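K.L.:
heads up, no residue letters with this:
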């Protein structure tokens, strides 16, 4: 029964994540969602909006950075069974993101706006390209392991979890972090950039660059020389060939 419940928990966590991911596309792009980055109730003052929005973004950064660290996982799994640890991370990340969607306060002063039809179409194409890159990149490593389904599936079958082998596929041959590059493209590519959207894009970009440093240290501790050699030969975010 415990294995079945763990599997069900993992599936529910994944469904919550995927719905949240789809809503995030609409939220950032102001597309087909009831509340987006530029819509919904506004704060009484600009200062309140800035403070609240920065707090919400900081909550996401702290949740992701702290819970992803090996030391925290070691402590956390004293209370949360290892097979559902990743699913719990995914669920909490989704809930924090939902909190941001709910409490975000738009700041609608326009920083730039592209009126040219061709330019607007190009930016929209980049927007969807970025989100598509994020999703594709998760499958290039192992989508179901990344979001906790592989762990609960193996547990339900009574099989031991093992770390994935290090491999370099497609987009990972050009940049080490195509998921993060996809997010950056999606967050910045918009024909109408408001102050609130700019705040969101700028803070998340800074966080991504900082978080990558910690993530790479953890990956290197697992995969050793194979990842160090990879890091020396492939750029972090910009697809610029490194000199050998």
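P.N.:
That came through fine. Note that this is a predicted model, so its numbers are computed, not measured. Numbers count the residues shown, from 1 in each chain.
K.L.:
mean confidence score for the strand or helix carrying residue 53?
P.N.:
Secondary-structure element containing residue 53, defined by DSSP states H and E: helix 46-67. Within the predicted structure, the mean pLDDT of helix 46-67 is 96.
K.L.:
next one: the next helix or strand after that helix to chain centre, how far?
P.N.:
The C-terminal neighbour of helix 46-67 among helices and strands, as given by DSSP H and E, is helix 70-76. Here helix 70-76 is found 20 Å from its chain centre; the criterion is CA atoms, centre = their mean, to the nearest Å.
K.L.:
quick one: contacts of helix 70-76?
P.N.:
Under the criterion CB atoms under 8 Å, 6 or more residues apart in numbering, residues 66-67, 85, 218, 221 lie in contact with helix 70-76. Yep, even glycine has a C-beta here, placed from its N, CA and C like the rest.
K.L.:
thinking again about what came up before, next, the buried residues of the helix holding residue 53.
P.N.:
Taking 16 or more other CB atoms under 10 Å as the neighbour-count basis, helix 46-67 is seen to contain the buried residues 49-50, 53, 56-57, 60-61, 63-64, 67.
K.L.:
ditto for stretch 110-119
P.N.:
Neighbour counts using 16+ other CB under 10 Å place residue 114 of stretch 110-119 among the buried residues.
K.L.:
next helix or strand past the helix or strand bottoming out on mean pLDDT in the chain?
P.N.:
Of all the helices and strands that make up the chain, the one with the lowest confidence by mean pLDDT, DSSP states H and E is helix 70-76; it has a mean of 91. Going down the chain from helix 70-76, the next helix or strand is helix 85-103, by DSSP H and E.
K.L.:
quick one: low-confidence ranges for this structure?
P.N.:
Scanning the chain for pLDDT under 70 picks out 243-244.
K.L.:
helices of that one, start to end?
P.N.:
Assigned by DSSP state H, the chain shows helices spanning 2-29, 46-67, 70-76, 85-103, 117-141, 143-146, 149-156, 178-188, 195-223, 225-233.
K.L.:
okay if I get the ones you listed as TSV plus distance to residue 165?
P.N.:
Rendered in TSV, the data for the helices of the chain read as follows (distance: least, CB to CB, whole Å):
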stretch	distance to residue 165
helix 2-29	22
helix 46-67	24
helix 70-76	19
helix 85-103	18
helix 117-141	11
helix 143-146	11
helix 149-156	13
helix 178-188	19
helix 195-223	9
helix 225-233	9
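K.L.:
so residue 200 makes contact with residue 27?
P.N.:
No: the pair residue 200 / residue 27 is not scored as a contact, 9.4 Å apart, by CB atoms under 8 Å.
K.L.:
mind listing the shared neighbours of the two?
P.N.:
Residues touching both residue 200 and residue 27 (CB under 8 Å, 6+ apart) are residue 37.
K.L.:
thinking again about what came up before, which of the contacts of helix 70-76 sits closest to residue 141?
P.N.:
Taking CB to CB as the measure, residue 141 sits nearest to residue 218 out of the contacts of helix 70-76, at 14.2 Å.
K.L.:
coming back round to it: starting at the chain centroid, how far to the helix holding residue 53?
P.N.:
Distance of helix 46-67 from the chain centroid (CA atoms, centre = their mean) equals 15 Å.
K.L.:
list the helices and strands it packs on?
P.N.:
helix 70-76, helix 85-103, helix 195-223 (3 or more CB pairs under 8 Å, 6 or more residues apart in numbering; DSSP states H and E).
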